[in-house]
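Enquirer: what would the 3D arrangement of this be:
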Amino acid sequence: MKKGYSFLFAVVAFLVLVVSLSAQQGPINPEAVALLRWYPANQTTSFNVGRGPAAVAFDGANIWVANGGSNSVTKLRAADGANLGTFNVGAGPAGLAFDGSNIWVANTISNTVTKLRAADGANLGTFAVGATPIQVAFDGANVWVANFDDGSVTKLRASDGAQLGTFRVAVFVSSVVFDGANIWAAEDTDDIVIKLRAADGVVLGRFDGGQYPRGLAFDGTNIWVANRNTTNVTKLRASDGAKLGTFTVGNNPTAIAFDGCNIWVASTGYRTVSKLRAADGLKLGTFHVGDTPVALAFDGANVWVTNFYSGTVSKM
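Expert: This is a model prediction of the structure:
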């Protein structure tokens, strides 16, 4: 359980903050977008959402933000940030995923996930999972939930929320991502990431994820890991888990996203987002955002960043 207490303290601190909160563009280059080649990034604007925005997801047209301190999610039109609605979910929402039709929300305090219809935010069901669900991922047919305090991942059928299995893989599980065939889970108390076969949850390997692995992203070939409490991200080859490199970013990287060409990393300690070239990890820029950036999403043209203490999302 090496280093476990520090991360557990961080999660508990987050949940305490959630409870306390509850109580109280520069022009886009169309050719660059079409070719998935990024133009020079600028923070163009930010939009107010609920208290403690902790997660963000894109549904093909709109941005969804989990407001950890408001027990709600906010839907913004990606084109201009217009607020299209705020919808109640469980307590302490901290993870989001889009399944092609619906938004799935991990409710850390309720120990549930909520399914919302993306078209109108209608609540289609709430489903029990493990203890402290903190993140979700979609594999094309099923939703996978990282249950932090259980050290497990739960597999739900996306069509109806039926539970297909819960797999204990570690002491704590802080993140999950799908690579097209397998689920990867981060366990930062032992500095590892675990690869599970999506078909049946069988563990295919445990790999060195760098120090304090937290956020995960898949770039089509490799798994990128944000190493919390450091200034690094780690790149692993998805086929065999081989470590391909460690690259410097801002202080305390906690979230990571892929834009089709580059890796974006949110660093809570510096209030910045770093841009790395996915091919070789070369840093292409560092951009200032709001207070405590904790989640990232790419909408096909822009990167969206949730600023936890600012109560905003930044569009870059």
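Enquirer: helices and strands around the strand or helix carrying residue 257, which ones?
Expert: If you go by DSSP states H and E, residue 257 is part of strand 253-258. With contacts defined as 3 or more C-beta pairs under 8 Å, 6 or more residues apart in numbering; DSSP states H and E, the packing partners of strand 253-258 are strand 213-218, strand 222-227, strand 232-237, strand 262-267, strand 293-298. From N, CA and C alone the C-beta is placed, and that goes for glycine too.
Enquirer: quick one: mean pLDDT for it?
Expert: If you average the pLDDT over strand 253-258, you get 97.
Enquirer: ok, for residue 175, nearest residue in space, not its chain neighbours?
Expert: residue 186 (4.1 Å; C-beta to C-beta, 6 or more residues apart in numbering).
Enquirer: looking at this, the one you found is in a helix?
Expert: No - according to DSSP: H, G, I helix; E, B strand; the rest coil, the state of residue 186 is strand, so it is not within a helix.
Enquirer: which residues does it contact?
Expert: Neighbouring residues of residue 186 by C-beta atoms under 8 Å, 6 or more residues apart in numbering: 146, 173, 174, 175, 176, 193, 209, 213, 214, 215, 216, 225.
Enquirer: tell me the contacts of residue 217?
Expert: For residue 217, the contacting residues are 177, 223, 224, 256, 257, 258, 263, by C-beta under 8 Å, 6+ apart.
Enquirer: excluding chain neighbours, what is closest to the fifth one?
Expert: Leaving out its chain neighbours, the residue that sits closest to residue 257 by C-beta to C-beta, 6+ apart is residue 296, at 3.9 Å.
Enquirer: that neighbour bridge partners, please.
Expert: residue 305 (DSSP bridges).
Enquirer: contacts only, for residue 206.
Expert: Contacts for residue 206 were tallied using C-beta under 8 Å, 6+ apart; they are 192, 193, 194, 195.
Enquirer: so which of the residues you listed belong to strands?
Expert: 192, 193, 194, 195 (DSSP state E).
Enquirer: where in this protein is pLDDT low?
Expert: Where the chain drops to pLDDT under 70, the residues are 1-44.
Enquirer: what residues are up against the residue lying closest to residue 161 once chain neighbours are set aside?
Expert: Using C-beta to C-beta, 6+ apart and skipping residues adjacent in sequence, the residue nearest residue 161 is residue 127, 4.2 Å away. Applying C-beta under 8 Å, 6+ apart to residue 127 gives the contacts 112, 113, 114, 115, 156, 161, 163.
Enquirer: neighbours of residue 120, how many?
Expert: Residue 120 is flanked by 10 other residues according to other C-beta atoms under 10 Å.
Enquirer: quick revisit: go through the contacts of residue 206 and name the one nearest residue 270.
Expert: Comparing these against residue 270 with C-beta to C-beta places residue 193 closest, at 24.0 Å.
Enquirer: for that closest one, give its distance to residue 253.
Expert: Going from residue 193 to residue 253 by C-beta to C-beta, to the nearest Å gives 15 Å.
Enquirer: who has more neighbours, the two?
Expert: residue 253 (30 against 26).
Enquirer: how about the nearest residue to that one, chain neighbours excluded?
Expert: The nearest residue in space to residue 253 (C-beta to C-beta, 6+ apart) is residue 226, at 4.1 Å.
Enquirer: so how far is residue 193 from the one you found?
Expert: Distance of residue 226 to residue 193, given as C-beta to C-beta: 11 Å.
Enquirer: residue 93 now?
Expert: Distance from residue 93 to residue 193, by C-beta to C-beta: 24 Å.
Enquirer: next one: residue 99
Expert: 23 Å.
Enquirer: my guess is residue 181 contacts residue 198, does it?
Expert: Yes - with contact defined as C-beta atoms under 8 Å, residue 181 and residue 198 form a contacting pair (6.3 Å).
Enquirer: for those two, indicate the residue with more neighbours.
Expert: Ranked by neighbour count (other C-beta under 10 Å), residue 181 and residue 198 place residue 198 first, with 19 against 14.
Enquirer: residues contacting the more buried one?
Expert: By C-beta under 8 Å, 6+ apart, the neighbours of residue 198 are 139, 142, 144, 178, 181, 182, 183.
Enquirer: tell me the one among those nearest to residue 240.
Expert: residue 182 (11.5 Å).
Enquirer: okay, helices next: where are they in this protein?
Expert: In the chain, the helices defined using DSSP state H lie at 4-23, 30-34.
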